[in-house]
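Asks: Sequence and predicted structure below; questions after.
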Amino acid sequence: MTTVYLNGEYIPLGEAKISVEDRGFMLADGVYEVTSFYDGVPFCLDRHVERLRRGLACMRIPCDADILDRVSRELIARNGLTEAPTSMVYLQITRGVAPRSHGFPKEPVSPTVYASAKAWERPTPQRWSQGYSAATVPDRRWGRVDIKTICLLPNALATQAALDAGADDAILIKDGVAIEGSLHNFWAVLDGIVVTHPLTQGILAGITRSVVLEVARENGIRVEERPIQVEELSAAEELFFTGTTGEVRPCVSVDGRPVGDGEAGPVTRALSRAFLKRVERVKAGR
């Protein structure tokens with residue numbers, strides 16, 4: 001039986017109930033985090049807590065971000081995931097229950113805190129090596145993408161547009177720039193240099209993104225944080241995405257055109273190996 005966390009209690013999933021007047025339901029007024037665990041060991045949990053803290057502050061939701069640490073570990077244990085090779089915790093915090101109004105509640109209300117845990121699986125080595133396809137889609141998200149809000153309708157529409165086009169992923173395009181994916185941060189290898197969009201209010205500060213930047217520099221791989229022009233996609237030697245459960249995900253075609261030689265490239269492979277080595281170090285407590 002799946003156990004979830006809701007407002008201070010660990011209860012069966014089927015018993016979890018939230019008011020229809022919750023502002024998350026009515027107005028998408030909330031933030032969330034997805035944290036990965038490997039063999040029951042959290043990966044970069046402190047970075048997730050800090051990003052959640054920033055999001056709560058920006059949204060002016062009065063909740064202690066440290067709850068993510070305590071609840072995540074407890075849910076992994078209660079759901080028998082301490083030995084799962086790969087698992088994740090989803091935690092969502094909304095402003096709480098109040099009569100529907102665009103303004104914040106005049107009287108203080110308690111935030112609604114919900115979290116769940118489940119296992120996830122990496123693709124097989126063969127599937128990963130084949131790589132994934134992508135389609136370019138206009139970026140129609142709001143202006144504060146750096147806040148990890150639960151308002152994901154533009155992401156969902158972009159993902160579905162890519163699926164409708166027969167692609168696996170969406171690359172979001174704004175003002176002639178490939179910003180990021182609808183689910184992941186986006187990268188290109190151009191003239192041997194690994195390039196990804198700089199941190200601005202227009203992209204999410206991905207935790208995996210930060211780790212890949214670190215391991216690239218540790219391994220002597222040159223990186224640049226700058227906008228990737230749409231015109232550069234056709235000249236890229238390699239493209240890839242990074243994310244919490246996507247890890248390092250090769251992109252081998254865009255809008256039906258192959259990237260490089262049409263398979264996961266050497267830089268993407270090297271960064272994936274380096275990332276997985278970092279995971280093993282974290283599991284070993286180093």
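Replies: Ah, there it is. Numbers count the residues shown, from 1 in each chain.

Asks: Grab the CA positions of stretch 191-209 and hand them over as PDB.
Replies: Written as PDB, here are the backbone C-alpha positions of stretch 191-209 (Å, rounded to 0.1, in the frame of the first residue of the first chain):
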ATOM      1  CA  ASP A 191      32.900  23.200 -31.900                       C
ATOM      2  CA  GLY A 192      33.700  20.900 -29.100                       C
ATOM      3  CA  ILE A 193      32.400  23.200 -26.400                       C
ATOM      4  CA  VAL A 194      29.400  22.200 -24.200                       C
ATOM      5  CA  VAL A 195      26.900  25.100 -24.200                       C
ATOM      6  CA  THR A 196      23.800  25.700 -22.100                       C
ATOM      7  CA  HIS A 197      21.600  28.700 -21.400                       C
ATOM      8  CA  PRO A 198      22.800  30.900 -18.500                       C
ATOM      9  CA  LEU A 199      20.700  31.100 -15.400                       C
ATOM     10  CA  THR A 200      18.100  33.800 -15.800                       C
ATOM     11  CA  GLN A 201      14.400  34.100 -14.900                       C
ATOM     12  CA  GLY A 202      13.700  32.400 -18.200                       C
ATOM     13  CA  ILE A 203      15.000  28.900 -17.200                       C
ATOM     14  CA  LEU A 204      14.900  26.700 -14.200                       C
ATOM     15  CA  ALA A 205      18.100  26.300 -12.200                       C
ATOM     16  CA  GLY A 206      18.200  22.500 -12.600                       C
ATOM     17  CA  ILE A 207      20.000  20.500  -9.900                       C
ATOM     18  CA  THR A 208      21.300  18.000 -12.500                       C
ATOM     19  CA  ARG A 209      22.300  21.000 -14.600                       C
END
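
Asks: Other residues contacting that stretch?
Replies: For stretch 191-209, the surrounding residues in contact (Cβ atoms under 8 Å, 6 or more residues apart in numbering) are 44, 47-48, 51, 143-146, 148, 174, 177-180, 184-189, 213, 216, 221-228, 237, 242-244, 246-248, 267, 271, 275. For glycine as for every other residue, the C-beta is placed from the backbone atoms N, C-alpha and C.

Asks: same question, stretch 115-126
Replies: With Cβ under 8 Å, 6+ apart, stretch 115-126 has contacts from 2-6, 13, 71-72, 75-76, 78-79, 81, 84, 86-92, 128, 245, 247.

Asks: Now list the buried members of these.
Replies: 3-6, 71-72, 75-76, 78-79, 81, 84, 86-92, 128, 245, 247 (16 or more other Cβ atoms under 10 Å).

Asks: which secondary structure elements does the helix ranked longest in the chain contact?
Replies: Ranked by number of residues, the top helix in the chain under DSSP state H is helix 266-283. On a contact count with 3 or more Cβ pairs under 8 Å, 6 or more residues apart in numbering; DSSP states H and E, helix 266-283 meets strand 30-38, helix 207-218, strand 238-243, strand 247-254.
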